[in-house]
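Visitor: Here is the input, now give the coordinates:
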Amino acid sequence: MRIGGAESEKTRCLRGRRTGDAHSMEVASRAATNDALRTSCLLAYWSPVSFAGVSRENLSGTTLAGYKLHDMVGEGGTAVVYRADHPQHGTVAVKVLREKLRNDKTAVARFLREATYGTKVIHPNVVRTIEIGEARPGLHFLATEWAPGELLEKYAKRHAPLPAAEVAAIIQQIAEAVHAAHSAGIIHRDLKPDNLMYDPPTKQAKLLDFGIAAQTDLSPDERLTRAGFFVGTLMYVAPEALSGQLVTAAADQYSLATIAYYLLSGALPYTAKSQREMFTQLLSQPPIPLLASRKGLDVSPAVEAVVMKGLARNPSDRYPDTLSFATALRAAVEAPPVRKDGLLRRVRSLLHRDDPEAPRA
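Guide: Next up, the predicted model:
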């Protein structure tokens, strides 16, 4: 019966949410017999996961393949990150796949895929991959360089709105890192301040991971994330990704423009109060103009125009690539302000340049 089928899909989705089995949730959402059920499953997947009160292993103080793990510095749904020391490599970051996912073939494949992508993108603004290994059966790890500073998200929460010149410099570095990934045939798909390290003293930004990136030369059947199932962070995702279509590099530009918007204003282009409302707004409404996001925002109309073009709903209406977006933003930031009287004088000059008897300013 249809009701029974829908119930089994719902059960599978909830089970995937409870156990962290993303594969179950993907299959359930793709096979859902009605839009409401499919949307509920996707929203469950997007919702933040709380790890409070959940039993979890803590590898601090242990040694994995020569890496002495110290404090836990980050965690997500699939992996935990530790600060570690190595006799040859010094201080590094070691990402370890969560214990509950070590028997999940899809989760393991994604973890190893991320690690592999890191070796393909060599750039000063991308953390360097040091080693990919398996300390013991099932215990996969990824060791990368230790990037000084703090997550851009934390820095922005304390200091945004940031000066436009600082934002342009950050965006330029991220754009160059993402362009290097695109040149290697990799689309990031999850650009956000939480995936970026920023060191204020040196003003250096680094891209941290490629957790849900995808290769552009793979066929749809080879993608670990199936068409029809969205991945990414909803507040920074391009509208075209919500339909589950295989996104292009233009989606990364949209995410980069959202980051610029956030750094410049301390706000986001959409003000939804829930994931469901955000989903609806992204698909049906234009983003809030940058200058309307915060009262008294010190941003020029030229800067606003660049950011909003990067946030265009239609990918073809955005800049040709991330570097073009970053270059346009920097140019708009560095352009001298146009005085109103100067603009009026320029207009009069254009109107009267063919009239020899017109009065001169």
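Visitor: so His140 touches Asn103, yeah?
Guide: No: using C-beta atoms under 8 Å, His140 is not in contact with Asn103; the gap is 11.7 Å. The way it works is simple: take the backbone N, C-alpha and C, and place the C-beta from them, glycine included.
Visitor: ok, now how distant is the closest residue to Gly66 other than its chain neighbours from Leu69?
Guide: Once flanking residues are discounted, Gly66 sits nearest to His86: 5.8 Å by C-beta to C-beta, 6 or more residues apart in numbering. Separation of His86 from Leu69 (C-beta to C-beta, to the nearest Å): 10 Å.
Visitor: For the two, work out which one has more neighbours and name it.
Guide: Leu69 (21 against 17; other C-beta atoms under 10 Å).
Visitor: So for His140 and Asn103, which residue has more residues nearby?
Guide: The neighbour count for His140 versus Asn103, taken as other C-beta under 10 Å, is higher for His140 (21 against 9).
Visitor: Report the beta-bridge partners for that one.
Guide: His140 forms beta bridges with Glu134, as assigned by DSSP bridges.
Visitor: For it, give me its contacts.
Guide: Taking C-beta atoms under 8 Å, 6 or more residues apart in numbering as the contact definition, His140 lies against Val96, Leu97, Arg102, Val108, Phe111, Leu112, Ile132, Gly133, Glu134.
Visitor: Give me the distance between Lys208 and Asp194.
Guide: One thing to correct before we go on: residue 208 is Leu, not Lys. Taking C-beta to C-beta, one finds Leu208 at 9 Å from Asp194.
Visitor: Those two: which has the busier surroundings?
Guide: Leu208 (20 against 15).
Visitor: hmm, back to that, need the max-distance pair from the contacts of His140.
Guide: Arg102 and Ile132 (15.3 Å; C-beta to C-beta).
Visitor: mind checking which helix or strand the nearest residue to Val121 once chain neighbours are set aside is in?
Guide: If the residues on either side of it in the chain are set aside, Val121 comes closest to Ala181, at 4.8 Å by C-beta to C-beta, 6+ apart. Using DSSP states H and E, Ala181 sits within helix 164-183.
Visitor: Would you mind pulling up the elements that that helix packs against?
Guide: strand 204-207, helix 249-265, helix 322-334 (3 or more C-beta pairs under 8 Å, 6 or more residues apart in numbering; DSSP states H and E).
Visitor: where exactly do the helices run in this structure?
Guide: Counting by DSSP state H, one finds helices in the chain at the ranges 2-19, 22-31, 35-46, 105-120, 152-159, 164-183, 249-265, 275-284, 301-310, 322-334, 340-352.
Visitor: now the stretch 101-250 of the chain, which segments are flagged as low pLDDT?
Guide: 211-232, 244-245 (pLDDT under 70).
Visitor: again, only using 90
Guide: Along the stretch 101-250 of the chain, the parts satisfying pLDDT under 90 run over 101, 103-107, 109-121, 136-138, 185, 187-190, 195, 208-235, 237, 239-247.
Visitor: Count the neighbours of the closest residue to Tyr319 other than its chain neighbours for me.
Guide: Distances taken as C-beta to C-beta, 6+ apart place Phe325 nearest to Tyr319, at 4.2 Å, with adjacent residues excluded. Phe325 has 26 neighbouring residues, counting by other C-beta under 10 Å.
Visitor: What distance do you get for Phe325 to Leu191?
Guide: Taken as C-beta to C-beta, the span from Phe325 to Leu191 is 12 Å.
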